[in-house]
Each structure stands twice: as structure tokens, then as C-alpha cells.
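Q: Sequence and predicted model, in that order:
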Amino acid sequence: MDAAPDNIARFKLSAQYQALKQRAHRYIIDQIDQQDLDIEPWPEAKVERFVSESVRRYASENRLPLSRVELDVLARDACDELLGLGPLQPLVNDPEISDIVVNGPENVFVEKHGLMSRVPVRFNDNNHVLRVIQRILAPLGRRVDESTPMVDARLADGSRVNAVVPPIALDGPSISIRKFRAQPLTDEDLLRYGSVSQAELDYLRAQVESRKNILVLGGTGSGKTTFLNLISQWVPVNERIITVEDAAELRLRHEHIVRLETRPPNLEGQRAVTTRDLIRNALRMRPDRIIVGEVRGDEVLDMLQAMNTGHDGSMTTIHANSPPDAVHRLQLLCGFAGFKGSDATLLGQVSSAINLFVHVTRLANGKRRLMSICEIGGVAGNELEMRELFRYDVAADRHVDERSS
């Protein structure tokens with residue numbers, strides 16, 4: 001067979017190849033059992049050699065008409081099945097991929113450079129998808145089945161994983177992976193991509209260093225956590241930071257930091273540790289600043305209280321499509337949390353707690369931009385006063401400094 005990439009992709013997607021891969025994988029497992037091998041402590045290179053030799057032996061014994069390239073592909077996939085995440089492992093290894101979604105065994109999509117596309121990857125069947133999910137969950141002591149059909153987890157590198165299985169997933173098991181960058185984006189990266197201007201970075205650095213409370217807002221996939229991670233790097237090294245996250249994604253290069261992560265309930269539905277629990281505990285840990293990955297529930301009241309009671313320079317993110325939407329969402333979440341005061345009282349709390357709204361978004365072309373920086377003022381009537389200091393002009397594709405206007 002021609003070794004052209006398109007031909008190899010068709011080869012890997014064929015039902016015949018999937019059946020061949022299953023048989024080769026079974027053969028390798030039998031070889032391990034027969035020789036009583038413990039491959040766990042082996043270096044990766046040794047495992048790869050063993051798998052490659054086993055695949056070639058299997059092909060020879062069964063007189064399979066495979067080219068050298070096809071044997072290499074089969075050996076690599078067999079190694080991924082043995083030690084990695086099967087068909088997903090090459091996608092996890094690709095640094096240009098930011099998201100991976102599996103919609104059943106034959107529909108796998110990835111996001112590259114902000115755009116989603118289908119990739120020539122498939123699983124054997126639903127059980128194959130389930131085995132990969134179980135491999136992700138095994139080190140975490142978690143499970144997913146009919147009684148617990150939804151689960152959140154993370155990979156060893158910190159990438160966030162969500163999985164849903166039947167009966168709630170009607171078309172078969174589904175996996176969503178939000179990949180974690182090995183190297184956090186720097187301000188130089190954002191300048192090179194055109195995501196921000198130098199004036200905006202200089203302003204935000206000064207505000208972080210002067211201990212302003214900042215709320216980063218944006219939609220799903222807009223880069224909120226990435227931006228929060230960036231500006232958190234400017235916290236002075238002598239300050240103690242407590243981070244609180246639902247899934248640990250922040251990577252602060254800071255000496256004086258304690259990282260806290262929520263815990264879901266156990267199999268009996270008990271012993272959950274929520275974001276609100278962690279924020280309340282963080283207040284007792286002598287923090288200079290508290291950084292919460294995202295406020296999405298009743299923890300919003302505790303976060304506002306922390307910002308209002310001496311923990312200046314604290315930061316968090318929220319799902320919202322604009323600064324006014326962020327205000328409405330804060331009001332909504334506070335209502336869910338049991339806040340009984342008037343709108344004016346709540347807006348007064350928000351005004352006292354938050355100094356800046358930083359709005360980030362992902363445009364239709366997949367590019368991420370800092371859309372605006374708003375300074376929070378007082379309360380006029382039932383409205384929170386906001387002054388836009390910087391904005392991104394979409395039509396002109398440029399960042400505008402409004403401070404002099």
C-alpha cells in the first residue's frame with residue numbers, strides 16, 4: 001500500500017484495521033502473560049521495542065501482507081492501547097490541539113487554533129471508548145457506569161476530562177478533553193497573536209501589583225483561565241496566594257502558593273468538598289490573595305466577602321458575554337446563594353469588591369482577543385457604573401485606548 005498520509009488514514013479507519021488491531025493487542029497481552037512480564041517499570045523505549053517486535057512476529061506468523069509503514073502504524077497504535085489512551089493518545093500528544101471530543105466510536109473532533117474539525121480517528125466500538133474512559137479514571141479511584149453516568153476527571157498533565165455514558169448518552173459514550181498547555185502562555189505570546197496590546201498589558205500589570213480585585217469574564221473556550229493564569233504571574237513574590245479550583249488548571253510560577261481543589265462526593269454521595277468550602281477555609285489560611293478559578297454557584301458570596309474584607313488583589317473568572325452580562329450573572333448567582341438584600345445593596349457589594357472587569361472572547365475565526373477592560377465605579381440607581389478604559393475594535397482589528405478620550 002502507498003504510504004501517503006491519506007492512504008494511511010483510510011487504512012486506520014477501516015473496519016479490517018480495527019479488527020487487526022484488536023487481534024494484535026490480544027496477541028501482545030498473551031505474550032506478556034506467557035512470559036510473566038512486568039512491563040510497568042520498563043522505560044518507554046523498551047516497551048516500544050517489545051511491542052514493535054511482537055507486532056512483526058504476529059504479522060509474520062499470520063502471513064499478513066503489511067508494508068513496513070503499516071507495521072509501524074500498527075505497532076504505535078498497539079503501544080498506545082497498551083500504555084496510553086488508545087486512539088486518543090496521538091491527539092493528546094499533539095501540542096497544537098487544545099480540545100478533543102469523542103461523540104461515540106466513529107466521530108472524533110479536535111480544536112486547533114480555535115477551529116473545530118473532524119479527524120480520521122475511530123474506536124472499535126462503544127466498549128472500546130468505555131475502556132479508555134476507565135483507563136483515565138483508574139488512577140483517580142473514580143468510576144463511570146449506569147448508576148454514575150457522568151464524571152469529571154483530569155489527565156496526569158492536568159488536562160480536564162468529562163465523560164458521559166449510556167443511558168444518558170444516547171449515541172454511545174462521549175469524552176470531552178480540554179487540554180492543558182505544558183508551557184503557560186506569556187505576555188509575549190499574546191502580543192504576537194494580537195490578543196492584547198502592550199498598553200493593556202502594562203495597565204493590567206500595574207493594577208495587579210497595586211492589589212486591585214479583578215474579574216475575568218468570557219464565554220466557554222474564550223481563554224478566561226489562560227488569561228487569569230497570565231495576570232496572576234505578576235503577583236509580587238513576597239505575597240501568599242491561595243488558589244481554589246474545581247479542576248486544577250492554574251500554573252503559577254510563584255514560591256508562596258497553596259493550591260486547593262474541590263472533591264466530588266464518594267460512592268455513597270458523601271464527603272464532597274465544594275468551592276464554597278475551600279474559599280471559607282482559605283480565609284483561615286492567612287492569604288494575601290485568593291484566586292478562584294471560576295465562580296459558578298453559591299461560592300460567589302464568599303468570594304465577594306473575601307474581596308471586601310482585606311484580601312485585596314484577589315481574582316476570579318465568570319461565564320458572561322459582556323460586562324453588563326457579568327453583573328447580571330453575579331446578581332443571579334447571589335440570589336441562588338440565598339442573598340436576601342435589595343439589588344442596590346448587592347450592587348454596592350459588587351462595587352466595593354471588584355475594581356476591574358476584564359472581558360476576553362473567542363471570535364468567529366477562532367482567534368482570542370481581550371475585548372475590553374472596564375473600571376468599576378459606584379452605583380447609580382439600580383445600575384453599576386462602569387468606565388471602559390480599553391476596547392478591541394473588531395472592524396478595524398485593533399486595540400483602542402479610551403483613557404485619553
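A: Structure received.

Q: just the strands in the stretch 151-300 of the chain please.
A: Secondary structure of the stretch 151-300 of the chain (DSSP state E, counting those that start in this stretch): strands located at 160-164, 174-178, 214-218, 241-245, 257-261, 289-292.

Q: Could you save these as TSV and add columns showing distance to G84?
A: Placement of C-beta: from N, CA and C, glycine included. Listed next are the strands of the stretch 151-300 of the chain as TSV, based on distance: least, CB to CB, whole Å:
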stretch	distance to G84
strand 160-164	14
strand 174-178	13
strand 214-218	32
strand 241-245	26
strand 257-261	24
strand 289-292	33
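
Q: out of the ones you listed, nearest to A24?
A: Taking CB to CB as the measure, the strands of the stretch 151-300 of the chain were each checked against A24, and strand 174-178 came out nearest at 23.5 Å.

Q: and that closest one, what other elements does it pack with?
A: strand 97-103, helix 126-137, strand 160-164 (3 or more CB pairs under 8 Å, 6 or more residues apart in numbering; DSSP states H and E).

Q: Show residues contacting that strand.
A: Residues from elsewhere that reach strand 174-178, judged by CB atoms under 8 Å, 6 or more residues apart in numbering: 88, 92, 98-104, 129, 132-133, 155, 159-165.

Q: circling back: let me know which of the helices and strands packed on strand 174-178 is the nearest to H311.
A: Closest of these to H311 is strand 160-164, at 26.5 Å (criterion: CB to CB).

Q: Just put the helices and strands packed on strand 174-178 in CSV and tack on mean pLDDT.
A: As requested, the helices and strands packed on strand 174-178 are arranged in CSV below (pLDDT from 0 to 100):
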stretch, mean pLDDT
strand 97-103, 94
helix 126-137, 90
strand 160-164, 93
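
Q: and these as CSV, adding mean neighbour count and distance to E44?
A: What follows is those, written out as CSV (neighbours: other CB atoms under 10 Å; distance: least, CB to CB, whole Å):
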stretch, mean neighbour count, distance to E44
strand 97-103, 20, 21
helix 126-137, 18, 17
strand 160-164, 20, 22
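
Q: Please produce JSON lines containing those, extended by distance to V273.
A: Listed next are the helices and strands packed on strand 174-178 as JSON lines, based on distance: least, CB to CB, whole Å:
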{"stretch": "strand 97-103", "distance to V273": "27"}
{"stretch": "helix 126-137", "distance to V273": "19"}
{"stretch": "strand 160-164", "distance to V273": "18"}
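
Q: Quick one: closest of the ones you listed to D302.
A: strand 160-164 (23.1 Å).

Q: other SSEs contacting that closest one?
A: Using 3+ CB pairs under 8 Å, 6+ apart: strand 160-164 touches helix 126-137, strand 150-154, strand 174-178.

Q: Now with 7 Å, please.
A: Identification of packing neighbours for strand 160-164 by 3 or more CB pairs under 7 Å, 6 or more residues apart in numbering; DSSP states H and E yields strand 150-154, strand 174-178.

Q: Output the last one as CSV, nothing but the C-alphas.
A: Extracted as CSV, the C-alpha positions of strand 174-178 are listed here (Å, rounded to 0.1, in the frame of the first residue of the first chain):
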residue,chain,number,x,y,z
SER,A,174,-18.8,10.6,24.9
ILE,A,175,-15.5,12.1,26.0
SER,A,176,-14.5,15.8,26.2
ILE,A,177,-10.9,16.7,26.9
ARG,A,178,-9.8,20.3,27.5
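
Q: what distance separates it from the centre of its chain?
A: 10 Å (CA atoms, centre = their mean, to the nearest Å).

Q: Give me the sheet partners of that strand and which way each runs.
A: Here strand 174-178 has these sheet partners by DSSP bridges: strand 97-103 (antiparallel), strand 160-164 (antiparallel).

Q: export these to a markdown table and tack on distance to R240?
A: Formatted as a markdown table, the strands paired with strand 174-178 follow (distance: least, CB to CB, whole Å):
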| stretch | distance to R240 |
| --- | --- |
| strand 97-103 | 32 |
| strand 160-164 | 26 |
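
Q: what's next to the longest strand along the chain, contact-wise?
A: Counting residues, the longest strand found in the chain (DSSP state E) is strand 368-380. Here strand 368-380 makes contact (CB atoms under 7 Å, 6 or more residues apart in numbering) with 114, 195-196, 200, 203, 222-223, 323, 344, 347-348, 351, 354-363, 384-392.

Q: now the helix or strand containing C334, how far from the chain's geometric center?
A: Using DSSP states H and E, C334 maps to helix 323-336. How far helix 323-336 lies from its chain's middle: 23 Å, per CA atoms, centre = their mean.

Q: Name the residues of it that come out as buried.
A: Buried residues in helix 323-336, counted by 16 or more other CB atoms under 10 Å: 323, 326-327, 329-331, 333-334.

Q: okay, now the domains of this protein?
A: As given by automatic domain parsing, the domain ranges for the chain are 1-81, 84-180, 187-401.

Q: Please report how far the nearest residue to L130 once chain neighbours are set aside lies from Y17.
A: Counting by CB to CB, 6 or more residues apart in numbering, P173 is the residue found nearest to L130 once chain neighbours are left out, at 5.4 Å. Applying CB to CB, to the nearest Å, the value for P173 to Y17 is 21 Å.

Q: Compare these two and say which is more crowded by neighbours.
A: Legend: neighbour count by other CB atoms under 10 Å for P173 and Y17, higher for P173 (24 against 19).

Q: Tell me how far the more buried one lies from Q134.
A: 10 Å.

Q: got it, and V235?
A: If you go by CB to CB, the gap between V235 and Q134 works out to 39 Å.

Q: mind listing what T220 touches?
A: Contact partners of T220, counting by CB under 7 Å, 6+ apart, are H319.

Q: hey, what's the most centrally placed residue in the chain bridged with?
A: Nearest to the mean C-alpha position of the chain, by CA atoms, centre = their mean, lies R178 at 3.8 Å. Residues in a beta bridge with R178, per DSSP bridges, are D99, R160.

Q: what about the chain, any weak spots by pLDDT?
A: 1-6, 8-9, 11, 267-269, 405 (pLDDT under 70).

Q: need the helices for it, in chain order.
A: 5-13, 15-34, 44-61, 68-83, 89-93, 126-137, 187-193, 198-209, 224-232, 275-282, 299-308, 323-336, 343-353 (DSSP state H).
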